[in-house]
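>>> Output the structure for:
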Amino acid sequence: MKKLFSSILAIVLVMGSLNGVVLAEETGVYVDLAQQLRSIDVFKGTGSGFELNRAPTRIEGGVMFVRLLGGEQEAMDHMYSHPFADVPTWADPYVGYLWHYGLTKGVTVDQFGSKDVMIAKSYMTFLLRALGYDDSAGDFSWGEALAKGKTIGLIDGDLYSTLTSVVFLRDHVAKLSYEVLKQKVKAGDMTLARKLIASGALVEEIAIEIGVVAGGGGEIPKIPEVSNITKEGNFGRKSLGVVDVIYNTSSTKKIKLIIEHDGQRYIYNIKSEARYVTFPLQLGNGSYSLKIYENTSGTKYRTVYSTSGTVSLKDKTIVYLNSIQQIEWFNDDQTIIFAQKLLNQYALDTYGINGEDNIKTLPANLKITDREIIDLYYQWVVQNVVYDYDKIKTLSYDYVPNVDMIFDAKSGICYDYSVLLASMLRSQGIPSKLIKGYTSWTSVYHAWNEIYLEETDEWVVVDTTYDSYLYLRNRKYDFEKSREVYSTSYYY
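Down below sits the predicted model:
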């Protein structure tokens, strides 16, 4: 049987006629979400429109719950039975599914309460269960469902106050159903939308279009697993603005990787190793060529591999969130663990917030901003890392910083300073560039950062190496630098 809907996003308010309807002018706080979903033909409404200003029923909530579980196709295919006499025929598959898996009880032995009004905490209970939280195991209780939703960051303080003080409407259902798709499930780092994409219940392109996943979302696609492939440029994660490259041979010769786009060329030194290494596709949308060259003699190289891929990114900042060859970090690096602990301590000292809480999804009066996080890490690097004037004399031509080694030594060159700060910020989801080029305050090749400030939608120039120099000499230093004294040669 064909799927009833092309996307799980039809979860919102589709009770009633499933045929196309001519809708009157709609009203509601979240009508924009309803209109957005309708524009891609998955938000049908009822015969009377979206009806955002009336309360939802238990049967509507139950149907949405099945879809959030990714169970609609199974419900339609198996037509599980149930004991309730008040369920309309069109909803039988959904209620049967819930009854079969012990996910619902009726209001009596033979009545589901299909037309009864659903309240906010009941719908939140459905959403939490869809995310993998189990009220029967003590993860939360029905009475505290809204508080649990606030704790995990599904709703903010303002929405919590609204849901606990007004009549629960289909308007709220639209908002909650949209937001839950962006929420991470209890077990793992995958969002509910990504889980549904993986199961085939949600179409990725539609999810990206309406904004519940950001062109890959960071959960999947993942770095390819190593197989018997010896040379490859894999564009499977191009939605994140990166390409993964492996060169796994017995060669000990110098190897060059060249990535080109629209007349611009970036050259990287790579080596033979049994893993994929990630490189940025930061030169804009369009076609990229990738070639691997092996040294034959002197300065001569031969092409050993070539491929190409096309990139189309709506959010260009996503490129600067990745772990790449030049800025390589992993969640279990001691540097990244320390960065999280530093942020948790700041949250506790400044706001009295438990570090285990979701500190970036708090009420507006407590929310920790990106600028606070940026300043926290910037000041730590400036005040704790010193310049190593001898290190540059010992480095090989293919030197790439190791963040944990820099963190341990608390010293390094400008390249090290910049990679350390970028790694810490990227681990917190803050776009950060590594820049190489020249500045007026030194005559040698230099490295610094550009950091994205979402509040003002701008990139600012930050130079921790120079500021560390000033700090150690008790001289005044400023976070943001003038672009006029910096000249960019390469950016990553």
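>>> Now do stretch 386-393: distance from first to last residue.
Stretch 386-393 has an end-to-end distance of 17 Å (criterion: C-alpha to C-alpha, to the nearest Å).
>>> Next, Lys184: phi, psi?
Lys184 has phi and psi values of phi -70, psi 140 when expressed as degrees, to the nearest 10.
>>> That one bridge partners, please.
Assessed by DSSP bridges, Lys184 has beta-bridge partners Thr191.
>>> show me the contacts for it.
Taking C-beta atoms under 8 Å, 6 or more residues apart in numbering as the contact definition, Lys184 lies against 131, 190-192. From N, CA and C alone the C-beta is placed, and that goes for glycine too.
>>> Over to Gly241?
Gly241 is in contact with 280-282, 311, 313, 316, 318-319, 322, counting by C-beta under 8 Å, 6+ apart.
>>> most neighbours, which of those residues?
In terms of neighbours by other C-beta atoms under 10 Å, these top out with Leu281 at 25 neighbours.
>>> mind checking how far it is from Glu328?
According to C-beta to C-beta, to the nearest Å, Leu281 and Glu328 sit 17 Å apart.
>>> On the three-state scheme, Thr296 is what?
Using DSSP: H, G, I helix; E, B strand; the rest coil, the structure places Thr296 in strand.
>>> For the closest residue to it other than its chain neighbours, grab phi and psi.
The spatially closest residue to Thr296, leaving aside those adjacent along the chain, is Arg302, at 5.4 Å (C-beta to C-beta, 6 or more residues apart in numbering). Reported as degrees, to the nearest 10, the phi and psi values for Arg302 are phi -120, psi 150.
>>> neighbours of Arg302, just the number please.
8.
>>> swap in Val419?
A count of neighbours around Val419, defined by other C-beta under 10 Å, yields 25.
>>> That one: what's it in contact with?
Contacts were defined as C-beta under 8 Å, 6+ apart; by that measure Val419 touches 326-327, 401, 403, 406, 434, 447.
>>> mind running it again at 6 Å?
Contacts were defined as C-beta atoms under 6 Å, 6 or more residues apart in numbering; by that measure Val419 touches 327, 401.
>>> did I read that right, it in a strand?
No. Counting by three-state DSSP, Val419 is located in no strand; its state is helix.
>>> didn't Val386 look like it was pressed against Gly412?
No. Using C-beta atoms under 6 Å, Val386 is not in contact with Gly412, being 8.4 Å away.
>>> Could you check which of those two is surrounded by more residues?
Per other C-beta under 10 Å, whichever of Val386 and Gly412 has more neighbours is Gly412, with 22 against 15.
>>> ok so, going back, now do the residue nearest to Thr296 against Asp77, distance only.
56 Å.
>>> Output the contacts of Lys184 in a markdown table; the columns should cover distance to Tyr276, neighbour count and pLDDT.
Conversion of the contacts of Lys184 to a markdown table gives the following (distance: C-beta to C-beta, whole Å; neighbours: other C-beta atoms under 10 Å; pLDDT from 0 to 100):
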| residue | distance to Tyr276 | neighbour count | pLDDT |
| --- | --- | --- | --- |
| Leu131 | 31 | 22 | 89 |
| Met190 | 20 | 17 | 75 |
| Thr191 | 24 | 24 | 83 |
| Leu192 | 28 | 24 | 83 |
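>>> Just the closest of these to Thr230, please.
When the contacts of Lys184 are compared for distance to Thr230 (C-beta to C-beta), Met190 comes out closest, at 30.9 Å.
>>> Look up phi and psi at Val107.
Its backbone dihedrals place Val107 at phi -80, psi -20, with angles given as degrees, to the nearest 10.
>>> Equivalent analysis for Gly309, please.
According to degrees, to the nearest 10, the main-chain angles of Gly309 amount to phi -160, psi 160.
>>> Show me the beta-bridge partners of it.
Note on Gly309: beta-bridge partners Tyr288, judged by DSSP bridges.
>>> so it touches Phe235, yeah?
Yes. In this structure, Gly309 is within contact of Phe235 by C-beta under 6 Å, at 3.3 Å.
>>> A helix includes Ile246, no?
No. Judged by three-state DSSP, Ile246 forms no part of a helix; its state is strand.
>>> Does it touch Ala274 like I think?
No. Contact between Ile246 and Ala274 fails when scored by C-beta under 6 Å: they sit 8.0 Å apart.
>>> need the strands for the chain, in chain order.
Along the chain, the stretches classed as strands by DSSP state E are 231-234, 242-247, 255-261, 264-270, 277-280, 286-297, 300-311, 386-387, 411-412, 432-439, 442-453, 458-462, 486-491.
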